[in-house]
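Pasting the sequence and the predicted coordinates here, then a few questions.
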Amino acid sequence: YEDVGLALPKDVRVIEDVGHKWQLALRHLSPDTLAEYDFVFFWDDDIEIKQFDPRRFAGIMQCNALEAAQPAVESLYPLSHEITARVPSPPPLRMHGADPTYSIVGRLTNFVEIMVPVFSARAWREIYGYLQPDNVSGWGYDLVPLGRRGIVDMLPVEHTRPVQSPGSDPNVELDRFCHNQGLSLHGGVNEGWLFEPWNAEASSRGGEDSPTWRADVTSAVSVGGHNYRAIRA
């Protein structure tokens, strides 16, 4: 890319190289290189972030013990995977009739698309071991089992172009990757909900659809046999 004039902090390292997304990851983003980071946001270049809040997103991942997640996707063009489309969230969770305690902000799933994934440090180390130089498109990487995954509907982003993939034939790359790794194709499935500590003060100002992440809150809830914990960020 040409210089777009971004004003970046002095301690931000910018790598200038030519190549496709996953090949550049192989060259420059080894787990050891990223060891000091808790999360890796590895997004395509045609994403409009709108009002996306990365700190809040990381907090939601911590609260729900997610290894990989993505924001829901809005687009004027057809999506590759319907499960990634934004869906309305149910009302806030009330424990035994009490005041709202947790907002429902997304879905626990078995799928996170390679277009806008966010990985925990542990998940990045795992997925990095699967990267192959001849898989230019990255098709198949979203089939790698990475523990708990989710799609956050409360913080959507917009895909600004029609779906396109680099490489000679992404379907050939997908078949080769799945064969080499012993993976089978499967559809995305919603398996439950993602939670966030409820901010009653913010909800009174913005309505029940506008809770905000409070990173200074540490709390826990058990729902459906799973323990969810909000961690100080």
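It's in. Because the structure is a prediction, the values reported are computed rather than measured.

For residue 19, see how far away the closest residue to residue 42 other than its chain neighbours is.
Residue nearest to residue 42 in three dimensions, not counting chain neighbours: residue 117, with 5.7 Å by Cβ to Cβ, 6 or more residues apart in numbering. From N, CA and C alone the C-beta is placed, and that goes for glycine too. Residue 117 sits 18 Å away from residue 19, going by Cβ to Cβ, to the nearest Å.

which one of those two has more residues nearby?
residue 117 (24 against 13; other Cβ atoms under 10 Å).

ok, now how distant is the more buried one from residue 181?
Taking Cβ to Cβ, one finds residue 117 at 17 Å from residue 181.

Give me the contact list for whichever strand or helix holds residue 103.
Assigned by DSSP states H and E, residue 103 belongs to strand 100-109. If you take Cβ atoms under 8 Å, 6 or more residues apart in numbering as the criterion, strand 100-109 is touched by 60, 64, 69, 72, 83, 87, 89-95, 148-155, 188-198, 200, 203, 208, 211, 221, 228.

From those, list just the buried residues.
Neighbour-count burial (16 or more other Cβ atoms under 10 Å) applied to these gives 60, 64, 69, 72, 83, 89, 92-93, 148-155, 188, 193-198, 203, 211, 221, 228.

Remind me which helix or strand the residue nearest in space to the middle of the chain belongs to.
Nearest to the mean C-alpha position of the chain, by Cα atoms, centre = their mean, lies residue 70 at 2.0 Å. Using DSSP H and E, residue 70 sits in strand 68-75.
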